[in-house]
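[1] Model the following, please.
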Amino acid sequence: MTSPVSINDVLLAVQRVTHVGVRDVKGRGQSVNVREARLLAYFVASQCFSYSFAAIARRIGRDHTTVSATVKKFVASRRFDPGLIDHVEDAAVVIAAARREGRVNYAGSPIYADGRAL
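    The predicted model follows:
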């Protein structure tokens, strides 16, 4: 299923919510905040916007089994960590607000009114 929200939109929203850069999310870092941001991006893209694990993996530079396992881990952990649920909601709000207010650049990525990327 093609989503009107791109995986790049999800990455930018996760960056805004977690303060972890897109480059870090796509990188190989293993700090707790980077792992959580990566997990959040996988979950939001797959569960909120119906992207396949394979599509997410291609865009982020991972194997689809890694994305699948991480999402399963997120589903298990969010039952105990309300902060993770808040991050999912915050990322969805950032994406929805950017779309609603027309703050979207030619590539479909959310932007500020002055043209800077979120």
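[2] So which residue is dead centre in this protein?
    Centroid-nearest residue in the chain: Ala41, 2.7 Å away (criterion: Cα atoms, centre = their mean).
[3] Now do the same for Ile56: helix, strand or coil?
    helix (DSSP: H, G, I helix; E, B strand; the rest coil).
[4] first vs last residue of stretch 25-38, how far apart are they?
    Taking Cα to Cα, to the nearest Å, stretch 25-38 runs 5 Å from one end to the other.
[5] Please spell out which residues along it are buried.
    By neighbour count with 16 or more other Cβ atoms under 10 Å, stretch 25-38 contains the buried residues Val25, Val34, Glu36, Ala37, Arg38. C-beta: built from backbone N, CA, C; applies to glycine.
[6] Now secondary structure and distance to Ser46 too, for these, in CSV please.
    Listed next are these as CSV, based on DSSP: H, G, I helix; E, B strand; the rest coil; distance: Cβ to Cβ, whole Å:
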residue, secondary structure, distance to Ser46
Val25, helix, 15
Val34, helix, 19
Glu36, helix, 16
Ala37, helix, 15
Arg38, helix, 13
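[7] I appreciate the help and will end here.
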